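> Provide a 3D model corresponding to the input given below.
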Amino acid sequence: MKKLILVLILTSLTFVGAKETKKKKPLPDKKTVTEVTKTSKNAKDSSAKETSSPDSKKPVEEGKTPDSAAKNTLPADAKTPEGAKDTLPVESKKTVEETKPQDDAAKDVKITEEPSKKIEEPTEVSTPAEIPEDKAKVAPPAFKGPNLIHMPTAQPLQKDILNFIFNHRFGSAKSTEYDFFGLDKGANTQLSLDYGLTDKLSLGFSRVTAFKTYEARSKYFIMPQTNSFPVSIAIFGSVGLETEKQTANMGPYILPPSSGYPVVDEALKKKLNSYELTYSDRTSYLGSVIISRRFGERFSLQASPMFSHRNFVKPGLANDRYGLDIGGKIQINKSISFLFETLLSNKRDYIGENYATVDLAGYGSSTNLTATQINSSYYKSSDLAYVYLRNVYFDKPVKYYSIPLSFGLSYESGGHIYNVVVTNSSALAHTQLLRGGEYDYRNREWTIGFNINRFFSFAKEVSEDNF
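As a prediction, the model looks like this:
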């Protein structure tokens, strides 16, 4: 009985001790969990506020999430709620204190960066070694094609581009209805080929109907028009050979005795007093400097000082001649433009074979006297009226060819350039341009013509400026 009572007392004591241990252990765990959840919520809110600012990125960069940061703030041996309460505000204070100097440092960095930018900007502008791109920018070409109406343009022919040119000038359009504006009369034509050896150098060859002329030519492009340089410059040269037989009348210097047959006498006199030109005599040269400028999108102008030399000329003319070609373009729309061109020279060829014969033919008397002979006959005042009538009233000046002046319309289409022109000069060979125009606008004399440029490309890449 006593043993049974002792067993019951021991079991009751162990049961009571087990209950007390169960009650003591979960109480601090429940309190710490609830408080930790509250602090974690506060830590999340504070971390969300801190991470929303651009300067508070240090805790996140160190690999700590707001939840883990809140958990790490509790010490491992914190069993009482007092320990948990004391540790939370201390860590939060530390995080706030750590973020404040970061914000101040970021502000200091911003303040130090702003003056550095202001200092760097004038240094980049003030460097003399750098050249602005606008000054070196090449302007669009003044003329689309390599030829105007008479003379070539400064625009070069691209490498491996072949340009086939067909130029045509009809006869005089003075009798408009009968000859249908000169289309029924004989025409002067030119067939030529130009090839670009490089992007700056081109060579060409042509054949012209007038005097059966063959011409070789070349053009070299020196420099383009840019924002810092006002014009485009090129040089041009040509050599022409007239293969048609020509004779020059040297005047009746030799008078053979009469054979009794007038036809034979005239033929013999002409043969003895005429000179047949050789190939060297029929060769001529031309050199020119081409200067062009583009004024805006619609207007372009070109000036070409030129020099011409002929191995043989008619009496009274010089072998060397200077001239100035002036031409321009007015762009009407994207494809159509208005062209004009004129050739100015110090002197042009006279109409006739021999200057002395033409000059004598101008006098209105049966007795042909030169100006020197008339002036030498003036000895007294009574001869003044006679000399005046001979030199002024009856004298007709020697006629010269007119100044070439041409107008036209140009149409640009893919690979083609078409020009329709009205001009008073039918000359197509460059070496014959400074001789003058054989038609005169004052006498309603003019002619219609056209120029056709057809481009063939053998290049891998084609520039838009050539077409």
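
> what about the residue nearest to Gln331 when sequence neighbours are not counted, neighbour count?
Nearest in space to Gln331, with sequence neighbours left out and distances taken as Cβ to Cβ, 6 or more residues apart in numbering, is Arg298 at 4.3 Å. Just so you know, the C-beta spots here come from the backbone N, C-alpha and C atoms, and that holds for glycine as well. A count of nearby residues for Arg298, using other Cβ atoms under 10 Å, gives 13.

> again with Glu297
Applying the criterion other Cβ under 10 Å, we find 8 residues in the vicinity of Glu297.

> residues in contact with the closest residue to it other than its chain neighbours?
The shortest distance from Glu297 to any non-neighbouring residue, by Cβ to Cβ, 6+ apart, is to Gln331 (6.7 Å). Counting by Cβ atoms under 8 Å, 6 or more residues apart in numbering, Gln331 touches 297-300, 337.

> Could you point out which of the residues you listed is nearest to Ala234?
Ser300 (14.2 Å; Cβ to Cβ).

> so Gly436 touches Asn424, yeah?
No: the pair Gly436 and Asn424 fails to qualify as a contact (Cβ atoms under 8 Å) at a distance of 9.2 Å.

> Quick check: neighbours shared by the two?
402, 404.

> how about stretch 413-431: buried residues?
Of the residues in stretch 413-431, those buried under the neighbour-count criterion (16 or more other Cβ atoms under 10 Å) are 417-419, 421-431.

> Using TSV, lay out the residues you listed together with distance to Glu341.
As requested, those are arranged in TSV below (distance: Cβ to Cβ, whole Å):
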residue	distance to Glu341
Ile417	15
Tyr418	16
Asn419	11
Val421	9
Val422	11
Thr423	9
Asn424	12
Ser425	10
Ser426	14
Ala427	12
Leu428	13
Ala429	16
His430	13
Thr431	17
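
> which pair in these spans the largest distance?
Taking every pair in the buried residues of stretch 413-431 and measuring Cβ to Cβ, the maximum separation is 25.4 Å, between Tyr418 and Thr431.

> follow-up on the earlier one: for the residue nearest to Glu297, which residues make a bridge with it?
With DSSP bridges as the criterion, the beta-bridge partners of Gln331 are Ser337.

> now His416
Bridge pairing for His416 - DSSP bridges - gives Ser413, Arg454.

> Mind putting the buried residues of stretch 413-431 into CSV with pLDDT?
Formatted as CSV, the entries for these read as follows, by pLDDT from 0 to 100:
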residue, pLDDT
Ile417, 94
Tyr418, 95
Asn419, 96
Val421, 96
Val422, 96
Thr423, 96
Asn424, 95
Ser425, 95
Ser426, 93
Ala427, 95
Leu428, 96
Ala429, 96
His430, 97
Thr431, 96
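
> Closest one of those to Thr213?
Thr213 has its nearest neighbour among these in Ala429, at 4.7 Å by Cβ to Cβ.

> Report the separation between that closest one and Thr447.
When Cβ to Cβ, to the nearest Å is applied, the distance between Ala429 and Thr447 equals 16 Å.

> secondary structure class for Ala267?
The three-state label given to Ala267 by DSSP: H, G, I helix; E, B strand; the rest coil is helix.

> same thing with Leu434?
Assigned by three-state DSSP, the conformation of Leu434 is helix.

> Now do it, the pLDDT please.
For Leu434, the pLDDT comes out at 95.

> what about it, neighbour count?
By the criterion of other Cβ under 10 Å, Leu434 has 27 neighbours.

> Next, the contact list for it, please.
Listed by Cβ under 8 Å, 6+ apart, the contact set of Leu434 reads 286, 306, 308, 321, 323, 343, 345, 348.

> what would the residues you listed look like in CSV with pLDDT and distance to Tyr195?
Conversion of the contacts of Leu434 to CSV gives the following (pLDDT from 0 to 100; distance: Cβ to Cβ, whole Å):
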residue, pLDDT, distance to Tyr195
Leu286, 98, 20
Met306, 97, 23
Ser308, 97, 25
Arg321, 96, 29
Gly323, 97, 27
Leu343, 96, 26
Ser345, 92, 30
Arg348, 93, 33
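
> Cheers, nothing more for now.
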